[in-house]
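1. how would this look folded up:
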Amino acid sequence: MSQKPLLDEPRLAYQIIVTAPGTKSQNWHSVLYDQKGEPVTIAAGATVKTGVGVFVGVPEDRPFHPFGAIHADTIAWMKTAQGNVIMDTEPWAYRLHVGAEGSKNEGWQGELLHGRGVVGPQPGKFETPMGPFIWLERTHPWGLGGWFHASWSAAQRQAPAKQSGAA
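-> Numbers count the residues shown, from 1 in each chain. Next comes the predicted model:
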């Protein structure tokens, strides 16, 4: 199946990078970007609201613990689940693009990268070092499409029943 493309030229809005994958030093950090493409600095505990939910500033204050702009739903999920799973030594990343931002046609496209390529659509949950992701098929240029962390409430509302849930 092919996704309906986002309206207008989408911009990178959010990114997660896994560092030192497959080693005892593995970690991941995430960055939220403003409309000019600049990283948004979020103070520890402060929040930024977006079209896909609230992101919280998490400081880099513990070794091997995710930090940066982390979705509030993911923070809640990490209280009961492992948020930094060592899987393999290949690079991992997550990118979230937004198009037609601020309009009724706003659309979000999630892209999961592993190794040297993009992870294609798959049913059910796809396990990553950052936790489980689910694929959302978008039938319109607006809304959510592509990969989203299974804990995100916006993704759970749009996911087929067999895919939803954060655990």
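2. does A13 really touch S30, like I thought?
-> No. Between A13 and S30 there is no contact under Cβ atoms under 8 Å: 11.3 Å. C-beta coordinates here come from the backbone N, C-alpha and C atoms, glycine included.
3. mind showing which ranges of this protein have poor pLDDT?
-> By pLDDT under 70, the low-scoring segments of the chain are 1-7, 161-167.
4. Between A13 and S30, point out the one with more neighbours.
-> Shown here are A13 and S30; by other Cβ atoms under 10 Å, A13 has more neighbours (23 against 20).
5. Double-check that that one belongs to a strand.
-> Yes. Counting by DSSP: H, G, I helix; E, B strand; the rest coil, one finds A13 located in a strand.
6. Please tell me how far the closest residue in space to it that isn't next to it in sequence sits from P59.
-> Excluding the flanking residues, the one nearest A13 by Cβ to Cβ, 6 or more residues apart in numbering is V98, at 4.4 Å. According to Cβ to Cβ, to the nearest Å, V98 stands 26 Å off from P59.
7. between these two, which one's more packed in?
-> The neighbour count for V98 versus P59, taken as other Cβ under 10 Å, is higher for V98 (22 against 12).
8. sorry, back to before: so the residue nearest to A13 lies in a strand, does it not?
-> Yes. Assessed by three-state DSSP, V98 belongs to a strand.
9. quick one: it and G131, what's the gap?
-> The gap separating V98 from G131 is 22 Å, by Cβ to Cβ.
10. Same question for A154.
-> According to Cβ to Cβ, A154 and G131 sit 16 Å apart.
11. Same question for G143.
-> Noted for G143: a distance of 22 Å to G131, by Cβ to Cβ.
12. still on that earlier bit, of A154 and G131, which one has the most company?
-> G131 (22 against 18).
13. ok, now which ones touch the more buried one?
-> Residues near G131 by Cβ atoms under 8 Å, 6 or more residues apart in numbering: 74, 77-78, 81-83, 85, 149-151.
14. Inside helices: which ones of those residues?
-> Those of the contacts of G131 mapping onto helices are 74, 77-78, per DSSP state H.
15. Out of the residues you listed, which is nearest to E9?
-> Set against E9, the nearest of the ones in helices among the contacts of G131 by Cβ to Cβ is T74 (27.4 Å).
16. show me the contacts for that closest one.
-> Residues near T74 by Cβ under 8 Å, 6+ apart: 83, 131, 149, 151-152.
17. give me that answer again for 6 Å
-> Going by Cβ atoms under 6 Å, 6 or more residues apart in numbering, T74 touches 149, 151.
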